[in-house]
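return a 3D structure for these sequence lines:
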Amino acid sequence: MSHFSDIAAGTLFSRILSHVQERLGTAVLALAIMLAGAQSVLAHEFKVGDIEIGHPWSRATPASAKVAGGYFTITNNGSAPDRLLSISSDISEKAELHEMGVKDGVMTMRPVVGGLEIPAGGKVVLGPGSYHVMFMDLKQPPKQGEMFAATLTFEKAGTVTIKFAVQAMGSAAPQEDND
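Numbering: from 1, shown residues only. Below you'll find the model as predicted:
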């Protein structure tokens with residue numbers, strides 16, 4: 001009799017273990033898919049000619065905001081300089097390249113006239129407190145977790161459509177933009 005109950009207990013245990021493994025496998029698979037999706041949002045790049053645009057991002061804004069910033073890194077892998085001439089997006093009426101700096105202890109912000117030069121073999125970081133894109137007269141506020149498209153026009157490389165990943169209001173620049 002005890003031999004029979006040992007077999008029954010073993011079978012029951014095997015069934016429970018199999019069920020747990022099946023559920024755990026499903027959970028691990030779901031987690032892996034989520035992480036892969038998050039990775040693609042956190043680290044996305046675009047390329048046109050010799051130009052690479054790394055991780056375009058923006059911050060969420062309140063519903064009443066009229067402007068939003070856009071940030072990314074531009075790498076020129078070519079042997080000649082290029083120039084970012086313009087940017088446009090359906091999220092706003094207009095977009096401009098701006099430069100922030102401190103002059104005589106006062107923070108200043110001004111449009112970049114004539115485009116932004118990307119040196120041959122060089123990199124330019126557009127980030128908070130320096131060069132950046134100003135999306136003005138927003139048609140809709142950027143929302144955390146969403147993405148929005150913009151088109152960049154370069155003097156030599158041509159045009160490329162990129163997608164900005166929208167982060168939380170007040171979030172710090174992603175690590176890859178801090179280098």
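
all the helices of the chain, residue numbers only.
Assigned by DSSP state H, the helices in the chain fall at 2-42.

so where's it shaky on pLDDT?
1-43, 170-173, 175-179 (pLDDT under 70).

apply 90 and report the result again.
Residues of the chain meeting the criterion pLDDT under 90: 1-44, 63, 100-111, 128-129, 168-179.

just the buried positions in the longest strand seen in the chain, please.
In the chain, taking DSSP state E as the definition, the longest strand is strand 92-103. For strand 92-103, burial by neighbour count (16 or more other Cβ atoms under 10 Å) applies to 92, 95, 97-98. From N, CA and C alone the C-beta is placed, and that goes for glycine too.

strands paired with that strand, and their directions?
Strand 92-103 has its sheet partners listed here by DSSP bridges as strand 106-111 (antiparallel), strand 132-138 (antiparallel).

winner for burial among those?
strand 132-138 (a mean of 19; mean count of other Cβ atoms under 10 Å).

what lies in contact with that one?
Residues from elsewhere that reach strand 132-138 (Cβ atoms under 8 Å, 6 or more residues apart in numbering): 58, 61, 65-71, 87, 89, 91-98, 100, 126, 142, 150.

identify the bridge partners of T161.
As for beta bridges, T161 partners with T151 under DSSP bridges.

now do the end-to-end distance for stretch 130-149.
Stretch 130-149 has an end-to-end distance of 22 Å (Cα to Cα, to the nearest Å).

next one: stretch 48-62
This stretch, stretch 48-62, spans 33 Å end to end (Cα to Cα).

how far is it from where the chain is centred?
Put simply, stretch 48-62 sits 6 Å off its chain's centre (Cα atoms, centre = their mean, to the nearest Å).

list the buried residues for it?
For stretch 48-62, the buried set under the neighbour-count rule, 16+ other Cβ under 10 Å, comprises 48, 50-61.

that concludes my questions; thank you for your assistance.
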